[in-house]
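# Kindly generate the corresponding structure for this input.
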Amino acid sequence: MLNPNKNNDSFNYEGREVSIPDDCPFFRVQSLIKNITANEEDSILLYVNDRGKEFNAEIPTSLLNDLSNLIKALNANNIFAKHYQVHDISMLLTHQARVAFTSNYYQLYHTKLGWHNIDGQYYFLYDKTNINGKVSECKRDFLFQAGDIDKYQEMLNKHVFSRKELALAYCLGFSAVVISLINKLRIADLGTIVLNVSGKSSTGKSTMEQLLLSPFGSPVFTKHGLGLPHSGTLNGFLDALEGIHGLPRVIDDLQQNSNINLTELLYTISQEETKMRCGEKWNRNIDGWSGIVIASSETPLMESMKVQQGTYPRLLNATNVQWTESAESAEEIKTIVNANYGLTGKTFIDYIVSMPIETLKSEYEKALNKVKPLMTKKDGLSDRIATRLASIYLSCELVKQCFNSPFTWTTEELIEPLIESEQDTVDDRNPAEKLLNIIKTYAQEYKYSRFDVNYLKTHYKGNGTFSNETIAKQTNEGIINIKDDEWTVIIHEDRLKKILKAEGFNEWGTATNELKKRGILIGTEEKKKNGKTTIRTRKLINGIWCNVFKFKMESEQIQEDLTEENQPKQPVQLEMKVDNTNWNDDDSINAFFKGDDDNA
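Next comes the predicted model:
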């Protein structure tokens, strides 16, 4: 850099020449240093020559008028000065800093990456970025680029563009750039998209992960790469994501981390910023993150989470996709991308930077209109999920435009695995259907018995007798009554709570409201103080609170009736001790549903 202070090694102050003390190393302010992505004070960059040994030192500008701390900073940088000299040194450095400022001698750097608004304009900060004619360099410990573009392109042509699944994986990496910008410009409220890639190890998950990271930097799972190892803590993951808007990140084999709350991690990542911790100052320099995070696992993360309605739009899935063709192909891809990376991402970034905002908005609307018809099964969450799938659809389209259609697959064909996985969850994410399926499964399992056989085994005393606790348990279990294809299932309320807890079901309110409207859950009418009538979800029968379900079981759902020979055998002594008064009487059941049960 040009030295603005070459003629300013001394200056006149009130008739006195101020210069570097004779017994100090020679130093001169070369430039001011500014972090363009943080509200931090500027520093001065010093050129120092100590008896032929040249080096640089950084001093925060705030110390120029803080003499006691200035001398400490100088000494820490091997510029040794005496206390009586620090006043003149402060004056000289301040003078030289002013000259650098008026001459616009700045060195810019950034500690954050991706889309950032600087003076009203969005820039994509990468390894080096031109900001109004000045180059800002990244001071983040990433490996951005290495290798040979020809070797990388040969691998893409041979293995990636000829296989639909790998072409999708390649496009997923670029989608981070698009998703983040759509969020920043408020074209759509996407949040950070989390995509769970699940399946056996032989499906090639690790290969697709490294492939999708490779356009932008090293795909290794260390602090130097874009991959994150599964062994991190919640705060560790969030710190790694902090300040990155538009680069893909991957958390590998997340289910192996048994110490992390997956639900909390998902919600925090998707909301794009960490929660304010107790006692934390509100002016903390937090920028958040945005884009796409891929989380891989052997089995779907949904199975290990506390699933709520809000989980589904926050977590997209690609389940049991065979990403690679063979082990040999997977190994060759990983070998290439670990040595050749960061070679195509900048081209795509420049393409998106040059795109007018109105064009991006229009292309997104087109993508949304393309995606919605592909989602043939719909529910109340479909529109929210469609916005996220549309951003990936658009990314695939833009990759084709940017790189002159490197593959022949249509975008509909590329995103097919994501659409299929989404459609598979439509029924699962209906809480009423989930609850009804739990009841139906329970009813079929115990349709020949009103008590839990496994429970009885644990309380068998021998000699054909059972404990009093067992008799009370089976008396309170409830009734399963079958007449043709109409099933009436009455379950003791406490028993049902245990069943639902075992199933991980926690959407009772939403589910029961719908089942009551459909006449499947039979409750008790109750008048509130305001005079309105409500239906309680339980009914008091013989002093026991029960939940009562009445539904038709389709013939294909009903297992073949067991013959008399293979029906579960129940202890004769037990039947003699059970109070079966009217529980299995059809007239009593029908009277109950007509509201004539005296005990209701």
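# does residue 46 belong to a helix or a strand, and which?
Taking DSSP states H and E as the definition, one finds residue 46 inside strand 43-50.
# next one: that strand to chain centre, how far?
44 Å (CA atoms, centre = their mean, to the nearest Å).
# what comes up buried for the helix or strand following it?
Sequence-wise, the next helix or strand downstream of strand 43-50 (DSSP H and E) is strand 53-60. Neighbour counts using 16 or more other CB atoms under 10 Å place 57, 59-60 of strand 53-60 among the buried residues. All C-beta atoms are positioned from the backbone trio N, CA, C, and that covers glycine.
# what's the helix or strand for residue 75?
With DSSP H and E as criterion, residue 75 is part of helix 67-76.
# ok, residue 264 - contacts?
residue 234 (CB atoms under 8 Å, 6 or more residues apart in numbering).
# I'd like to know how far it sits from residue 288.
17 Å (CB to CB, to the nearest Å).
# can you check residue 385 too?
22 Å.
# More neighbours: these two, which one.
residue 385 (23 against 16; other CB atoms under 10 Å).
# Could you find the closest non-adjacent residue to that one?
residue 313 (5.1 Å; CB to CB, 6 or more residues apart in numbering).
# That neighbour should be in a helix, yeah?
Yes: assessed by DSSP: H, G, I helix; E, B strand; the rest coil, residue 313 belongs to a helix.
# Show the contacting residues for it.
381, 384-385, 388.
# Now render the residues you listed as JSON lines, adding distance to residue 547.
Below are the contacts of residue 313 laid out as JSON lines (distance: CB to CB, whole Å):
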{"residue": "381", "distance to residue 547": "26"}
{"residue": "384", "distance to residue 547": "31"}
{"residue": "385", "distance to residue 547": "31"}
{"residue": "388", "distance to residue 547": "36"}
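# and the least confident of these?
Lowest in pLDDT among the contacts of residue 313 is residue 381, which has 88.
# Near it, how many residues? Count them for me, please.
Counted with other CB under 10 Å, residue 381 comes out at 18.
# how far away is it from residue 312?
Taken as CB to CB, the span from residue 381 to residue 312 is 5 Å.
# got any residues that touch both of these two?
With CB under 8 Å, 6+ apart, residue 381 and residue 312 have common neighbours residue 429.
# quick one, helices of the stretch 51-200 of the chain?
For the stretch 51-200 of the chain, the helices defined by DSSP state H, counting those that start in this stretch occupy 67-76, 86-102, 149-155, 164-184.
# Give me the mean pLDDT for the longest one.
Per-residue pLDDT over helix 164-184 has a mean of 96.
# For stretch 537-550, buried residues please.
Buried, per 16+ other CB under 10 Å, within stretch 537-550: 537-539, 541, 544-550.
# Lowest mean pLDDT among the helices and strands of the chain, which one is it?
helix 572-577 (a mean of 29; mean pLDDT, DSSP states H and E).
# how about the strands in the stretch 301-450 of the chain?
Secondary structure of the stretch 301-450 of the chain (DSSP state E, counting those that start in this stretch): strands at 315-319.
# Show the residue spans covered by the helices in it.
311-314, 327-339, 345-353, 357-374, 382-402, 411-414, 416-424, 431-445.
# Please produce JSON lines containing the ones you listed, extended by distance to residue 42.
Output for the helices of the stretch 301-450 of the chain, formatted as JSON lines (distance: least, CB to CB, whole Å):
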{"stretch": "helix 311-314", "distance to residue 42": "40"}
{"stretch": "helix 327-339", "distance to residue 42": "39"}
{"stretch": "helix 345-353", "distance to residue 42": "27"}
{"stretch": "helix 357-374", "distance to residue 42": "32"}
{"stretch": "helix 382-402", "distance to residue 42": "37"}
{"stretch": "helix 411-414", "distance to residue 42": "47"}
{"stretch": "helix 416-424", "distance to residue 42": "46"}
{"stretch": "helix 431-445", "distance to residue 42": "55"}
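# Residue 269 against residue 193, yeah?
No: contact criterion CB atoms under 8 Å: residue 269 and residue 193 do not qualify, at 9.3 Å.
# Return every residue with contacts to both of these two.
Joint contacts of residue 269 and residue 193 (CB under 8 Å, 6+ apart) are residue 293.
# any weak-confidence spans in the stretch 401-550 of the chain?
446-477, 542 (pLDDT under 70).
# Check the residue nearest to residue 140 when sequence neighbours are not counted and give its pLDDT.
Excluding the flanking residues, the one nearest residue 140 by CB to CB, 6+ apart is residue 111, at 5.8 Å. Residue 111 carries a pLDDT score of 89 in this model.
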